[in-house]
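In: sequence? don't have it. structure:
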């Protein structure tokens, strides 16, 4: 669906947005925060078996998702396994997370983190591609990835799913999570052209 060079350009774009997000988070909690995107993988929305292999079909994740519309339309989602979500909240707020379900304050903390990271990506997308993306307010849910895929794509097998495994380092502790970009309506020609322009300008 995308060439190796185009995927590298998209990885660079995500790394730039992740850098902005890390700075914003660090300023809020007055502690250095490092976010890394070590790996980027591209799937079609029809590759459900492969995606279930990565995430599990029934495993619930703490997910902050944000829908967007424009030349590219879909959802950006930050997904953490429950234990990682709890550790992240504890590091950012000094709250002890002992219950299986996240309470309102802890959910609000994850919403803020997801909002910062998702908005950083969408803002970078706008700036780099020189077009406007309109996006909705973020939402928090504890659901499995299968539910997220169904809610975004339904039975459509022609969407684009980009998975970036993200490591968030706070106070010398690493927390693993996933940044998912789910393109429901996508002009692949448009996306490829913009990524090729990035490659040519690098």
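Out: Yep, that arrived. Quantities reported herein were computed from a predicted structural model and do not represent experimental measurements.

In: secondary structure class for residue 179?
Out: Secondary structure for residue 179, judged by DSSP: H, G, I helix; E, B strand; the rest coil, is strand.

In: my bad, should have said residue 43
Out: What three-state DSSP gives for residue 43 is strand.

In: bridging residues for the spatially most central residue of the chain?
Out: Taking Cα atoms, centre = their mean, the centroid of the chain lies closest to residue 179, which sits 2.6 Å from it. Going by DSSP bridges, residue 179 is paired in beta bridges with residue 78, residue 164.

In: where does the chain have low pLDDT?
Out: 38, 95-102, 131-132, 172, 185-187, 202 (pLDDT under 70).

In: where do the strands sit along this protein?
Out: Per DSSP state E, the chain carries strands over the ranges 33-44, 60-69, 72-80, 134-135, 139-144, 160-170, 173-186.

In: I'd like to know which elements the shortest one is packed against.
Out: This means strand 134-135. Other helices and strands packing on strand 134-135, by 3 or more Cβ pairs under 8 Å, 6 or more residues apart in numbering; DSSP states H and E, are strand 60-69, helix 104-129. In short, each C-beta sits where N, CA and C put it, glycine included.

In: picking up where we left off before, you'd agree the residue nearest to the centre of the chain is up against residue 14?
Out: Yes: the pair residue 179 / residue 14 is scored as a contact, 7.1 Å apart, by Cβ atoms under 8 Å.

In: Need the residues touching each of those two.
Out: Common neighbours of residue 179 and residue 14, counting by Cβ atoms under 8 Å, 6 or more residues apart in numbering, are 37, 121, 164.
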